[in-house]
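Peer 1: For reference, the sequence and a predicted model appear below.
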Amino acid sequence: METVLIVDDEKNYPLILSAVLEDEGYETLTANSGPQALQVLKYSDVDLVLTDMRMPGMDGVQLLERIKAEDADLPVIMMTAHGTVEKAVEAMQKGAYSYILKPFDNEQMILYVRKATDMFRVIKENRQLRNAVESQYRFGNLIGKSKPMRDVFETIRKVAPASATVLIEGESGTGKELVAKSIHFNSPRREKPFVAVNCSALAESLLESELFGHERGAFTGAVAMKKGRFELAEGGTLFLDEIGELTQNLQVKLLRVLQERTIERVGGIKPMAVDIRVLAATNKQLKKEMLAGRFREDLYYRLNVVHIDLPSLTTRQEDIRPLCNHFIKKYAPERTASIPVIGLDTEVERLFHDYNWPGNVRELENVIERAMILCASDTIRVSDLPRDFRDNADNTMHLDGIPANANLAETLVEIEKRMILRALKLSDNVQSRAAELLGIGKSGLNQKIKKFKLDIGSRS
């Protein structure tokens, strides 16, 4: 449903035009001045502006210039009397879609509006298609040859053509949004919008308005109607990230949308049908949240029609090298050094292989991006890596570096010493915290410190 903004300083004119256009199925917004119209455009999604030419303060041409500066494609139709036709021609030269002479009959005005909104609909669809192609999410940014990732790819291929809801679970940084985009851009909805919402980023009241939209005057500050993400995703896909953070109240409202396929804006009383596909993601184990009573059982099963469990990077170590090659190519244009980077130093590969990657693929990308800036040779060396990464990697056990004939008891003692020293370092020598990290009692830790004669200072 397209939205038309009607701008005219004559207070009755917008009301009359609104009634005519709403009978034709359009939503309308009104403003009585140029500045007021700009304020409406700031907070609302509009498909056409229908503005009078002569208005005090900011006239129609000035309003047109401001609109085109923000969105050159948004169509603007000028309404003008016979005496200002020359001004209307000037407006056409500055990007107006058309102009219509007052007085005009309703059929003529509706025809102009329909042509302008049809044109803008095509422009928006082309924008979405272009963005989809340029982003190359058709597995292009999902890298992996390991068995866990091959299973993920196969699930995406099977589920993408369907319309079923998908629940994507995985640790932070594993690429849940990339999976969602791959599903969308390999689906029949690929030319429609992909709209993402982070459910943990906003307070409940703001998130409700963000999801469902609001009517003008629904709450303090709601100066104009605003479409929510459900409406913006019409015909396409809505991706709800961090779904496990939804409050019980919003869980109920989301369940109703999934069951009835209708929404109501905040402050509204008119249900509106929506045609969208919902994909949800979380870094929590949603089934455990459900069993603990923090997530509704009925909503869980509505979301979990198809389940994708994204593996952590430590469980797909064979993907580290292809991921590194991908990120090296990605950040190659940002290098200032003349020597191209062709790969990783052997020691770096060993560190990457043994490291536990708590930040998963996102952390790996961050490390490579930094190294590509600092690397002065054709291979990324240990000295090019962030210091905190090197410190953490130094504490990693390198089994390849242990001789085959190493004494087991002596090796275990050395590993135990290193783990104690690392825990003390991480806890700033607070022994009670270090003991908690190691999973032992404080007295047991104290005995081991004395046994190994570790000089670590003393803090309780």
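Peer 2: Cool, the structure landed.

Peer 1: So what touches stretch 282-293?
Peer 2: The contact list for stretch 282-293, computed with CB atoms under 8 Å, 6 or more residues apart in numbering, reads 167-172, 176, 241-244, 295-297, 300, 303-304. (Glycine included, C-beta is placed from N, CA and C.)

Peer 1: Give me the buried entries from those residues.
Peer 2: 167-171, 176, 241-244, 295-296, 300, 303-304 (16 or more other CB atoms under 10 Å).

Peer 1: what's in contact with stretch 241-258?
Peer 2: 165, 167, 176-177, 196-201, 204, 207-208, 211-212, 230, 240, 263, 274, 278, 280-284, 286, 289, 294-296, 298-299, 302-303.

Peer 1: Alpha carbons only: can I get it in CSV?
Peer 2: Only the C-alpha atoms of stretch 241-258 are listed here, as CSV (Å, rounded to 0.1, in the frame of the first residue of the first chain):
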residue,chain,number,x,y,z
ASP,A,241,18.3,-11.2,15.4
GLU,A,242,18.8,-12.0,19.1
ILE,A,243,15.2,-13.3,19.2
GLY,A,244,15.9,-14.7,22.7
GLU,A,245,15.9,-11.2,24.1
LEU,A,246,12.3,-10.5,23.3
THR,A,247,10.1,-9.7,26.4
GLN,A,248,7.1,-11.9,27.2
ASN,A,249,4.8,-9.2,26.0
LEU,A,250,6.5,-8.9,22.6
GLN,A,251,6.7,-12.7,22.3
VAL,A,252,2.9,-12.8,22.5
LYS,A,253,2.5,-10.2,19.8
LEU,A,254,5.0,-11.9,17.5
LEU,A,255,3.2,-15.2,18.0
ARG,A,256,-0.1,-13.5,17.0
VAL,A,257,1.5,-12.2,13.8
LEU,A,258,2.9,-15.6,12.9
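
Peer 1: quick one: average confidence on that stretch?
Peer 2: Average pLDDT, stretch 241-258: 94.

Peer 1: Just list whatever residues bridge to residue 28.
Peer 2: Taking DSSP bridges as the rule, residue 28 bridges to residue 4.

Peer 1: Distance check, residue 287 against residue 294.
Peer 2: When distance is defined by CB to CB, to the nearest Å, residue 287 is 11 Å away from residue 294.

Peer 1: hmm, back to that, inside helices: which ones of the contacts of stretch 241-258?
Peer 2: 176-177, 204, 207-208, 211-212, 230, 286, 289, 298-299, 302-303 (DSSP state H).

Peer 1: and these, which are buried?
Peer 2: Judged by 16+ other CB under 10 Å, buried ones among these: 176-177, 207-208, 211-212, 230, 286, 289, 299, 302-303.

Peer 1: so which of those residues comes closest to residue 9?
Peer 2: residue 212 (32.9 Å; CB to CB).

Peer 1: residue contacts, that closest one?
Peer 2: 228, 230, 253, 263-266.

Peer 1: Among those, name the ones in strands.
Peer 2: Among those, the members falling in strands (DSSP state E) are residue 263.

Peer 1: Select only the buried ones of the contacts of residue 212 in ChimeraX?
Peer 2: To isolate the buried ones among these in ChimeraX, judged by 16+ other CB under 10 Å, type:
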select :228,230,263,264,265,266
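
Peer 1: Throw the contacts of residue 212 into CSV and include distance to residue 12, thanks.
Peer 2: Shown next, in CSV, are the contacts of residue 212 (distance: CB to CB, whole Å):
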residue, distance to residue 12
228, 31
230, 34
253, 38
263, 32
264, 30
265, 26
266, 29
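
Peer 1: what pairs with the residue nearest the centre of the chain across the strands?
Peer 2: Geometric centre of the chain, nearest residue: residue 196, 4.6 Å, by CA atoms, centre = their mean. On the basis of DSSP bridges, residue 196 is bridged to residue 239.

Peer 1: so who does it touch?
Peer 2: 177, 180, 239, 241.

Peer 1: any idea of the pLDDT on it?
Peer 2: In this model, residue 196 is scored at 95, pLDDT.

Peer 1: what do you get for residue 103?
Peer 2: 82.

Peer 1: Looking at the buried ones among the contacts of stretch 282-293, which is nearest residue 314?
Peer 2: residue 171 (9.6 Å).

Peer 1: The closest one reaches residue 360, doesn't it?
Peer 2: Yes: look at residue 171 against residue 360 with CB atoms under 8 Å: they come within range, at 5.7 Å.

Peer 1: shared neighbours of these two, which are they?
Peer 2: residue 312.

Peer 1: got the domain boundaries for the chain?
Peer 2: Taking automatic domain parsing as the criterion, the chain consists of the domains 3-131, 143-311, 314-399, 404-452.

Peer 1: mean pLDDT for the ones you listed: which is lowest?
Peer 2: domain 404-452 (a mean of 80).

Peer 1: For stretch 342-361, buried residues please.
Peer 2: For stretch 342-361, by 16+ other CB under 10 Å, it's 344-345, 348-352, 354-355, 357, 359-361.

Peer 1: no wait, stretch 13-24
Peer 2: Using 16+ other CB under 10 Å as the test for burial, stretch 13-24 gives 13-14, 17-18, 20-21.

Peer 1: Okay, and which of these map to strands?
Peer 2: Among these, no member falls in strands (DSSP E).

Peer 1: mind checking how far residue 424 is from residue 11?
Peer 2: For residue 424, the distance to residue 11 equals 74 Å [CB to CB].

Peer 1: Residue 99 and residue 4: what is the separation?
Peer 2: Applying CB to CB to residue 99 and residue 4 gives a distance of 16 Å.

Peer 1: Name the residue in these two with the higher neighbour count.
Peer 2: Neighbours were tallied for residue 99 and for residue 4 using other CB atoms under 10 Å; the higher tally belongs to residue 4 (24 against 20).

Peer 1: all helices of the stretch 101-250 of the chain, in order?
Peer 2: Per DSSP state H, counting those that start in this stretch, the stretch 101-250 of the chain carries helices over the ranges 106-135, 147-159, 176-185, 204-212, 229-232, 248-260.

Peer 1: Please identify the deepest-packed of those.
Peer 2: Most buried of the helices of the stretch 101-250 of the chain by mean neighbour count (mean count of other CB atoms under 10 Å) is helix 176-185; its value is a mean of 23.

Peer 1: Next, the angle helix 147-159 makes with that helix.
Peer 2: 30 degrees (axes from the mean of the first three to the mean of the last three CA atoms, to 10 degrees).

Peer 1: Using PDB, write out every CA atom in helix 176-185.
Peer 2: Extracted in PDB, the C-alpha atoms of helix 176-185 (Å, rounded to 0.1, in the frame of the first residue of the first chain):
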ATOM      1  CA  LYS A 176      23.900 -15.900  11.500                       C
ATOM      2  CA  GLU A 177      22.900 -12.900   9.500                       C
ATOM      3  CA  LEU A 178      24.900 -14.100   6.500                       C
ATOM      4  CA  VAL A 179      22.900 -17.400   6.600                       C
ATOM      5  CA  ALA A 180      19.700 -15.400   6.800                       C
ATOM      6  CA  LYS A 181      20.700 -13.300   3.800                       C
ATOM      7  CA  SER A 182      21.700 -16.400   1.800                       C
ATOM      8  CA  ILE A 183      18.300 -17.900   2.500                       C
ATOM      9  CA  HIS A 184      16.600 -14.700   1.300                       C
ATOM     10  CA  PHE A 185      18.600 -14.100  -1.800                       C
END
